[in-house]
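A.B. asks: This is the structure alone, sequence omitted:
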């Protein structure tokens, strides 16, 4: 039996450590489907992850799983299933279930302060300390204090699937362990300890790693085969981590797909030497935004055709950012209709409502539309959908609509050649990827995770613009793995 | 989940009734309208199909639409840990429950009557706090409630063929066919094609086809021909399947003839479908008079299914049949009757441990009495035989008018009295003035008869009496002493005896035989006391043949047998 088949048959608490490209989301979805397929009971499952985008993907790919199962973000799950419905029951009638969320503006340092603001102002804010998570603390308190809530969650869910667990912070982890240990709900957790790049905003990959080490009542599975990256790239990225260095296979062949460029060598040179295939997409990843933009401009002046995929004003993860991004696509992309919009927002509307919505927002497409009109339209839309756009969300949206500066991020007409920042590439995959060694301070024992993410975006080819520090680091790896030559990992030219 | 109470206000012929419930409920009573309306009250709450039609003017009590219809059910959820059904409910009601009162839950439907449209919109509420219920979330005509409960209404005219055909899709789920099945399906298809080929080869068929085609063309001349096909080949062989009952050891197939078997098979199919289709819901069975067209033995079989097996976890059954109640236990008996308005009494009927081995007899006697309104409890078969004779002569319609004679036999009066009185049934008791020698003593006697009556009134027993009986006394002499004592006791406790009478407890001076002798002894030239006591039931059967109408009349109107008049005539 393969590791995957064993996972499908295991009905206990499960943690899967899955490397980049091992198809972990597919694994999660298949497991979920196999759990619900023959189930006729009233029990439901929840599948939760970190971003709206991955939540939508989960939902989209699990279509046939029937009514009542929950697909959404971590935040959405606790908000819809725990906090809003049971806040009064747990904390009293002074609290309103119609609170607003304001993670960026309303900050405080203690739980009690946060609670007080929630009670007095009806605003759910966040701790000043990025590493801590007020919302999850609150959810746990409600679960603790409200028997009705606890029984509801127990009565409804038999299994919760959590994707990207390495991105969970210490309070999320605490919450989920409570769900497992005190509510006896089965957890199915997948994650990749090497892929956490959200440490800066509180992610604590150590939680996930310690689950893998201690077991903690979970059955542990490790999936390492990488379906995305070719053999050379897998080998190369595995060689950077002590945990995976055993999986490095040293076969008797010449490395072709991981190329280190040592000397000054132009893009043209790489094309000429057939190291890059001009027919296939090439994506250049850069740590810094302005540097990425600069590269794109420079290359385009040189006669290449690169699209810089900018970080847009809407990329700030505000309350309604995912909705505004889709709305921007509707405005900027001719092939993106109101139906695409409704679909990607997961709205359940009648034909009449959809056409009403179209009538309302089509004004955004008018040439010469001005700021006041845009705000008026958003206002109408917010009435229609019962949502509240934040004051500080309006400005960025207006600037996206009124200029063409960010159009390329929305108009669906980007080139096969792109430049983007490393952080916006997470979760994406490309045929050929080029990265800069100077972006990673590996020799200072930093940026290993970021390096892993960057180096595993390419399916077929990874090109690294080397520098001395990076080469020194490679030599450390060489001696650790006792390699005869670095050529067993990377083709250096 | 436990059904606890139903309150029906201003609905049809219910003005305001609070009825205590359990998970197995039997609804009975002479009145025909009340039972069906009781089931309708539940259907309005739980059945989306019925609810969507709304309330009509005639659904309001006395057609008075200015009063609001309110139907409220109270559920007990204290079995959360053990009961999957409670979890189904808890998962479905989400935040309508509060931690301060986790064990109680209310669901209510009220009418919102619109005079100009002549239509009462049903509105649903639920919550933990009866005085502060919240709206049940809804979408269109569907309420969140409808995702939790499934009402299965089993009407008395359930039809096997309709039921079977309607549920074929569920019964034969194509997605469950395996590879071998698929192969077989194709083979069957080939065979049915062949069958049709043969059919169309028959002369009779060919002739019919051509003449009917001609006939058709006289109506409408178009390029068509009429052909006969076996339905199987057109709609697939599932369309052709019919259930047969095959007896073990018998090669023949019998059509499921006999309405009784058909009905039981229908119930089986319904159960199968519900288990398969609605496992995620709480299934409430509303069973209306299932006894129709069921032979007595089948009713008893169904009774087992209802009360012993857990096929029907929650049911509300209306019935007229005592046989269906033979196995009842842990059952709420709900008696509906009408004075000037509908009154419901309910009583949780349990067969306690000490009655366990006589459950059959207990239930059998009691279930017949439940359908009457005045029950005279008598001690044994000779009383029953004697009373039946008198009543048949003087007032043969007594049963039609709600009277009933119930023989208690070896079972305590109190079990019957409790059950019947709690259901609002008038209970009359005729009992002997027994004295019972205390075990192990020579001359100490317990006032058994009087004490029995006292305990029915909830009073404490009287002290034992001591009799001076010579050790060489004959049986006859002992009897004389005992009978004298009985007379003496009756006089001494005159006050109690008249209280008994006020409460319709009729204590004989001595016993039945002496009562008879007192009233009509002079008409006989032999000692009827001795005769009747000798071989009790046999001689009583002989004796009643000697009673003519006049003697019956004397007995019926005597002081000794006042109980008969009280039972027969409803004041």
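C.D. replies: Cool, the structure landed. What you see is a predicted model, and the numbers here were worked out from it, not measured in a lab.

A.B. asks: distance of the residue in the stretch 451-571 of chain B that chain A sits nearest to from residue B:504?
C.D. replies: When scored by C-beta to the nearest C-beta, the stretch 451-571 of chain B has residue B:458 as its residue closest to chain A, at 41.7 Å. In this view, the C-beta of every residue, glycine as well, is placed from N, C-alpha and C. Counting by C-beta to C-beta, to the nearest Å, the separation of residue B:458 from residue B:504 is 15 Å.

A.B. asks: So those two - more neighbours on which side?
C.D. replies: Relative neighbour count places residue B:504 above the other of residue B:458 and residue B:504, with 17 against 6, counting by other C-beta atoms under 10 Å in any protein chain shown.

A.B. asks: nearest spatial neighbour of that one, skipping sequence neighbours?
C.D. replies: Nearest in space to residue B:504, with sequence neighbours left out and distances taken as C-beta to C-beta, 6 or more residues apart in numbering or on different chains, is residue B:428 at 4.4 Å.

A.B. asks: Neighbours of the one you found, how many?
C.D. replies: As a burial measure, residue B:428 scores 21 neighbours (other C-beta under 10 Å).

A.B. asks: Which SSE is immediately downstream of the host helix or strand of it?
C.D. replies: Here residue B:428 is covered by strand B:426-431, with elements defined by DSSP states H and E. Moving toward the C-terminus from strand B:426-431, the first helix or strand encountered (DSSP H and E) is strand B:436-437.

A.B. asks: following that next one, which helix or strand comes up?
C.D. replies: Reading on from strand B:436-437 to the C-terminus, the next helix or strand found by DSSP H and E is strand B:444-446.

A.B. asks: Close to chain B: what parts of the stretch 101-250 of chain A are there?
C.D. replies: The stretch 101-250 of chain A has residues A:145, A:146, A:147, A:148, A:149, A:151, A:152, A:154, A:155, A:156 near chain B, with proximity defined as C-beta under 8 Å from any C-beta of the partner chain.

A.B. asks: how far is stretch B:214-230 from where the chain is centred?
C.D. replies: Its chain's C-alpha centre lies 56 Å from the corresponding centre of stretch B:214-230 when counted by C-alpha atoms, centre = their mean, to the nearest Å.

A.B. asks: end to end, how far does it reach?
C.D. replies: As for stretch B:214-230, its first-to-last residue distance stands at 22 Å under the measure C-alpha to C-alpha, to the nearest Å.

A.B. asks: Would you indicate which residues of that stretch are buried?
C.D. replies: When neighbours are counted by 16 or more other C-beta atoms under 10 Å in any protein chain shown, the buried residues of stretch B:214-230 are found to be residue B:230.

A.B. asks: Quick one: name the residues of chain B near chain A.
C.D. replies: Proximity of chain B to chain A, by C-beta under 8 Å from any C-beta, involves residues B:80, B:84, B:86-95, B:97-99, B:102, B:128, B:147, B:276, B:279-281.

A.B. asks: OK, contacts around the closest residue in space to residue A:11 that isn't next to it in sequence?
C.D. replies: Take residue A:11 and drop its neighbours on the chain: the residue closest to it by C-beta to C-beta, 6+ apart is residue A:186, 7.4 Å away. Contacts were defined as C-beta atoms under 8 Å, 6 or more residues apart in numbering or on different chains; by that measure residue A:186 touches A:11, A:12, A:13, A:158, A:159, A:160, A:180.

A.B. asks: Please pick the buried ones from those.
C.D. replies: Neighbour-count burial within those applies to A:13, A:158, A:159, A:160, A:180; the criterion is 16+ other C-beta under 10 Å.

A.B. asks: right, and the secondary structure at the fourth one would be what?
C.D. replies: Read it as residue A:160. The three-state assignment at residue A:160 reads strand, by DSSP: H, G, I helix; E, B strand; the rest coil.

A.B. asks: partners of it in the sheet?
C.D. replies: residue A:46, residue A:187 (DSSP bridges).

A.B. asks: hang on, the earlier thing: mind listing what the residue nearest to residue B:504 touches?
C.D. replies: Taking C-beta under 8 Å, 6+ apart, we find residue B:428 in contact with B:374, B:375, B:376, B:377, B:504, B:505, B:506, B:563, B:566, B:567.

A.B. asks: Just to be sure, which of those residues are found in helices?
C.D. replies: Residues of those located in helices (DSSP state H): B:563, B:566, B:567.

A.B. asks: Out of those residues, grab the one that's most surrounded.
C.D. replies: When neighbours are taken as other C-beta under 10 Å, the top entry among those is residue B:567 (27 neighbours).

A.B. asks: So that residue versus residue A:212, what's the distance?
C.D. replies: Taken as C-beta to C-beta, the span from residue B:567 to residue A:212 is 82 Å.

A.B. asks: ok, now residue A:265?
C.D. replies: Here residue A:265 is placed at a distance of 41 Å from residue A:212 (C-beta to C-beta).

A.B. asks: between the two, which one's more packed in?
C.D. replies: For residue A:265 versus residue A:212, neighbours defined as other C-beta under 10 Å are more numerous around residue A:212 (19 against 15).

A.B. asks: What values do phi and psi take at that one?
C.D. replies: Residue A:212 adopts backbone torsions of phi -70, psi -30, taken as degrees, to the nearest 10.

A.B. asks: isn't it right up against residue A:14?
C.D. replies: No - distance between residue A:212 and residue A:14: 11.7 Å, which falls outside the contact criterion (C-beta atoms under 8 Å).

A.B. asks: and residue B:111, what is it in contact with?
C.D. replies: Remark: with contacts taken as C-beta under 8 Å, 6+ apart, residue B:111 is in contact with B:55, B:59, B:60, B:68, B:69, B:70, B:120, B:121, B:122, B:123.

A.B. asks: Give me the neighbour count for the first one.
C.D. replies: The number of residues packed near residue B:55 is 24, by other C-beta under 10 Å.

A.B. asks: Return the residues in contact with it.
C.D. replies: For residue B:55, the residues meeting the contact criterion (C-beta under 8 Å, 6+ apart) are B:44, B:69, B:111, B:113, B:119, B:120, B:121, B:122.

A.B. asks: Give me the buried entries from those.
C.D. replies: B:44, B:69, B:111, B:113, B:119, B:120, B:122.

A.B. asks: now the residues you listed in CSV, with distance to residue A:171, secondary structure and pLDDT?
C.D. replies: Compiled in CSV, the buried ones among the contacts of residue B:55 are given as follows (distance: C-beta to C-beta, whole Å; DSSP: H, G, I helix; E, B strand; the rest coil; pLDDT from 0 to 100):
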residue, distance to residue A:171, secondary structure, pLDDT
B:44, 47, helix, 95
B:69, 50, coil, 96
B:111, 49, strand, 95
B:113, 52, strand, 93
B:119, 53, strand, 89
B:120, 51, strand, 92
B:122, 45, strand, 94
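
A.B. asks: contacting residues for the nearest residue to residue B:114 once chain neighbours are set aside?
C.D. replies: Leaving aside its sequence neighbours, residue B:114 sits nearest to residue B:121 (C-beta to C-beta, 6+ apart; 6.9 Å). Residues in contact with residue B:121 (C-beta under 8 Å, 6+ apart) are B:54, B:55, B:111, B:112, B:113, B:114.

A.B. asks: is it true that the fourth one touches residue B:123?
C.D. replies: Yes - because the distance of 5.5 Å satisfies C-beta under 8 Å, residue B:112 is recorded as touching residue B:123.

A.B. asks: rewinding a little: using TSV, please lay out the contacts of residue B:111 together with distance to residue A:63.
C.D. replies: TSV is the format used below for the contacts of residue B:111 (distance: C-beta to C-beta, whole Å):
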residue	distance to residue A:63
B:55	40
B:59	42
B:60	47
B:68	44
B:69	42
B:70	42
B:120	40
B:121	35
B:122	34
B:123	34
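
A.B. asks: Now for those: which two are most distant?
C.D. replies: Based on C-beta to C-beta, the longest span within the contacts of residue B:111 runs between B:60 and B:123 and measures 15.1 Å.

A.B. asks: Neighbour count: those two, which is higher?
C.D. replies: In this comparison of residue B:60 against residue B:123, neighbours counted by other C-beta under 10 Å, the higher total goes to residue B:60 at 20 against 15.

A.B. asks: Can you report phi and psi for that one?
C.D. replies: The phi/psi pair for residue B:60 (degrees, to the nearest 10) is phi -90, psi 150.
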